[in-house]
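Engineer: Mind folding the following:
(3 chains)
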Amino acid sequence: MNIHDYKDLYVLIEHEQGILHDASIELLGEAKRLKEDRPGLQYQVVAVILGTASQAMLHELGQRGADEILYLKNEALNTFSTERHTQVLYEAIVERKPDIFLIPATVLGRDLAPRLAARCDTGLTADATKLAFDPDHEDSSLLLVTRPAFGGNLFGTIINEDKRPQMTTIRPGVMDKWPKQEEHRCTITEKAVSLDHIPHEVHILEVLEKDHMAVDIAKAEIIISGGRGVGNGFHVLRTCAEMLGAEVAGSRAAVDEGRIDKAYQVGQTGKTVKPKVYIACGISGAVQHLAGMEKSDYIIAINKDPNAPIFQSANIGLVGDALEILPLLTEEIRNYRERPS
Amino acid sequence: MNIIVLLKQVPDTTEMKVDKEKGTLIRAGVPTITNPDDLAGFEAALRIKDAQGAKITCVTMGPPQAENMLRELYAMGADECVLISDGKFGGADTWATSNTLGAYLATLDYDLIIAGRQAIDGDTAQVGPQVAEKLSLPQITYVEEIRSINKEKIQVKKALENRYEIIEAKMPCLITTLGSIAKPRYMHVREIQKAFDKEIPVITNEHLKLLPEDIGLKGSPTKVKRTFTKEVHKNSDVLTLDPRAAAKKILDVLLDNQYIGK
Amino acid sequence: MDFGLSKKQALSQKLFKDFALNEVKPLAQEIDEEERFPVETVEKMAHIGLMGIPIPEAYGGSGGDNLTYIMAVEELSNYCGTTGVILSAHTSLACAPILAFGTEAQKQKYLIPLAKGEKLGAFGLTEANAGTDAAMQQTTAVKEGATYRINGTKIFITNGGYADTFIIFAMTDKEKGTRGISAFIVDKETPGFSIGKTEHKLGIKGSSTTELIFKDMILPEENLLGQEGKGFKVAMTTLDGGRIGIAAQALGIAQGALNEAIQYTKERKQFSRPLSSFQNTQFQMAELQTKIDAARLLTYRAAVLKDQGKPYSTEAAMAKLYASDVSMDSTRISLQLMGGYGYTREYPLERMFRDAKITEIYEGTSEVQKMVIAASLLK
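Structural biologist: I've put the predicted structure just below:
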């Protein structure tokens, strides 16, 4: 493997029923950013898409930063199969020799990428949250890949010096999309691929709906919790939680007042939780409640009383009415997510 | 039915603390546990054994103290336990690890290999699929339920982000299991009494005869350039802001710390 | 003298801690408030081999040693004195005498199901007029050919309402005093046997404490445990072992109470600092832990002596005497350290405080323990 034979930034595009996955578009944006970060390399951004894609989809890939689209066409590839996708991509990699290959860290990506990397005899870094070219060598295409480990307690910067492609899966929701450029030059390389030579011993028999089942708040990453101060305003917390992808919990006072079910009680006589973020709304911070949440990574407290004990345990405290602040937070998050990109 | 379960002994990362000054993890005093996804996969294997009979072999690659974990697995009902351990295997990334595991597993008879989806220290979820690649086995990842299994095929329920899939694969194959696949049973007092008398063969590179460039640090295409801890600012300021400003402040905090994605 | 645990013992202890935390702790308050026997917990305990820890595998047990068994009682009692005594009474007072004094046929028929946890055991010695004065047995067992006719009433019998197999004591020969007492194994289905009233107690409220009523109950002579007239020895030997179990229960309660207080005083702030930063709090905890450790060593020593086949009666008495005393100190002081909250049902201390008291009373009062110890000193 002569690493100097490898060039360009490749991105795997996931799609479903005519819609490109957001995560893939984010990766395109990141590839574009990397390209512009080191123009001396003269790298192209190549979007790799398998299956069948409409003109609209291909057009959008160009608008989102792809200089070239490698369209590996076969209708059967619209359905994911580890065996087929791995082999098709492997053959493409052998032929095209990409220097960098970015794959979204979705369930599909995390199934495919390790297998593909092993077949290509190259290294793979998982779940990257940050990418950068090696700052110490301006001509180098060596990628410094930063990712969390130890449950998020530690970050590591990983390099793959001797093997190519440099492969990494990237967390959805972390990278930025490239703002849609109406006019962006993009060539399409379409190849019909045959799957006859590839074993196909894994079959999807059925697809089932996933509904939002009863939640174990102990497993939530973000919790918005309401106390006496919220009164009957829990619907405000729920709306905000939905926007945040969070779960709603309550203090004992809220449970006793019938505002929320006991299954969601946090505290001495309820559950102990250790989420990444605990937003305590209208909770005074009595010792019984603290016992249930003080090990949260980051505690945000909102309370009308500036002397509420909860402020002593919070990472950040905001004096105010949670029922006024949360709807605005919901709005701020929505605006942020929908900001023109 | 011969089932092999791959397990890893890991530090309990939920109990881990960070040395903010040095930017490192404080490992002293952190208990070790069996990686939860792996343990759940092992329980799934035990249930197959209970239902239709099977021989369960637990394999781990790790330092000598991984033996403690294997004793616990014996006490839970494992039939055989093997420790792959050699200084030369140390420092391996997932590629080198899979190489080593694959070399050993290739010497065994099996119908099914179960690996946990990911380990709570490395968090890569790569070893399972890479071992499958080494052994040229069909793979199914993110398995939440084993619906049926026999020597010809296995049928499982796989959990994706927004749906489930019922998938069937030809045996032999490898699956990676989610922690939710099965709640692990307790050890049995009677089995604990016997666990320390059972044999645990230790496999070294003397047995596997892998080349130095294929194992350990040398055999790892990915290397750690540096590690660091996250800055979490303990802001003990209590701010009085108007509601809009307060909302913006919360959003900033969530974004800055990457608690929500962009 | 090795004060460490063997690997088997350490791993067993890990299992017990895990089980107690996940299965026992969540139900402790509820079974106390509802005065409910934790049937589901006992089933789970049976499932993992807890109900026959020191019984050989050949008799359905787990083949462990007495120290391991004692640690199980301790760990369960950390969170729930009721669950601890259920295990202790079953193992020390029902399984152990059959193992020690039973015929092979009796072991096959009665010990195996008990050790497997398929059946629950109990021990019926105490009567209305025979508490500390245990020899004043008024239950009679009249031999009639190949059977015995039993009449009488037992009181305060732990596990009474839920046990399947009872070790009971009755006078086969009133003339002979203590040498006229015999031991029997009784199955609860035996005609003439019924459960009388259930006691409502200060503590260990989930423990089923009942009367046993024998009205012309007929037992075949195969159910005689040990020899006729040797029943008192069966009782006393059995209680020697039972004492270690109660010591472990007291020890568990003592440690559990202190653990709660430590946790609480770290969180609770007054005068702008956690309670645990005050020297008064620290000193009280230091003293308590020292006493608890001493109780632990006494208890473990008695268990080890029993495992070694050495005499352990005095040491067991010392363990129970001291551990029960420490459990009273620990629950009282730990509750005090938790102040008003400690007195409410939001925290488990008030239950532990109520649970501790019985350890100074049953299976030989503290006074009886002192009699045993004094007798050994003065012989």
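Engineer: C-alpha only now, for contacts and for neighbours.
Structural biologist: Noted.
Engineer: Now tell me what touches the lowest-mean-pLDDT helix or strand in chain A from outside.
Structural biologist: None of the helices or strands of chain A scores lower by mean pLDDT, DSSP states H and E than helix A:287-293, at a mean of 86. For helix A:287-293, the surrounding residues in contact (C-alpha atoms under 8 Å, 6 or more residues apart in numbering or on different chains) are A:251-252, A:266-274, A:278, C:267-268.
Engineer: cutoff 6 Å now
Structural biologist: In this structure, residues lying in contact with helix A:287-293 by C-alpha atoms under 6 Å, 6 or more residues apart in numbering or on different chains are A:266, A:267, A:268, A:272, A:273, C:268.
Engineer: try stretch A:198-207
Structural biologist: Here stretch A:198-207 makes contact (C-alpha under 6 Å, 6+ apart) with B:164, B:165, B:166, B:167, B:168, B:169, B:170.
Engineer: Strands - which of the contacts of helix A:287-293 land there?
Structural biologist: Among those, no member falls in strands (criterion: DSSP state E).
Engineer: can you pull out the helices in the stretch 51-200 of chain B?
Structural biologist: Applying DSSP state H, counting those that start in this stretch to the stretch 51-200 of chain B gives helices spanning B:66-76, B:94-105, B:127-134, B:189-195.
Engineer: Including distance to chain C, could the ones you listed go into CSV?
Structural biologist: Conversion of those to CSV gives the following (distance: least, C-alpha to the nearest C-alpha, whole Å):
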stretch, distance to chain C
helix B:66-76, 8
helix B:94-105, 28
helix B:127-134, 29
helix B:189-195, 4
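Engineer: Excluding sequence neighbours, find me the nearest residue to residue A:245.
Structural biologist: Leaving aside its sequence neighbours, residue A:245 sits nearest to residue A:222 (C-alpha to C-alpha, 6 or more residues apart in numbering or on different chains; 7.4 Å).
Engineer: ok, that neighbour touching residue A:277?
Structural biologist: Yes: the pair residue A:222 / residue A:277 is scored as a contact, 4.8 Å apart, by C-alpha atoms under 6 Å.
Engineer: Around chain C, pick out the residues from chain A.
Structural biologist: Contact residues (C-alpha under 6 Å from any C-alpha of the partner chain) of chain A with chain C: residue A:287.
Engineer: Now do the helices in chain A.
Structural biologist: For chain A, the helices defined by DSSP state H cover A:22-37, A:55-63, A:82-96, A:107-119, A:234-244, A:252-256, A:287-293, A:322-337.
Engineer: what separates the fifth one from the chain centre, distance-wise?
Structural biologist: Its chain's C-alpha centre and that of helix A:234-244 lie 21 Å apart, by C-alpha atoms, centre = their mean, to the nearest Å.
Engineer: Buried residues in it, which are they?
Structural biologist: A:234, A:236, A:237, A:238, A:239, A:240, A:241, A:244 (16 or more other C-alpha atoms under 10 Å in any protein chain shown).
Engineer: how about the CA coordinates for that helix, as PDB?
Structural biologist: In PDB, the C-alpha atoms belonging to helix A:234-244 read as follows (Å, rounded to 0.1, in the frame of the first residue of the first chain):
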ATOM      1  CA  PHE A 234     -45.500  20.300  33.100                       C
ATOM      2  CA  HIS A 235     -46.700  20.500  29.500                       C
ATOM      3  CA  VAL A 236     -44.200  23.400  29.100                       C
ATOM      4  CA  LEU A 237     -41.400  21.000  30.200                       C
ATOM      5  CA  ARG A 238     -42.700  18.300  27.800                       C
ATOM      6  CA  THR A 239     -42.700  20.600  24.800                       C
ATOM      7  CA  CYS A 240     -39.200  21.700  25.500                       C
ATOM      8  CA  ALA A 241     -38.100  18.100  26.200                       C
ATOM      9  CA  GLU A 242     -39.400  17.000  22.900                       C
ATOM     10  CA  MET A 243     -37.400  19.700  21.200                       C
ATOM     11  CA  LEU A 244     -34.300  18.700  23.100                       C
END
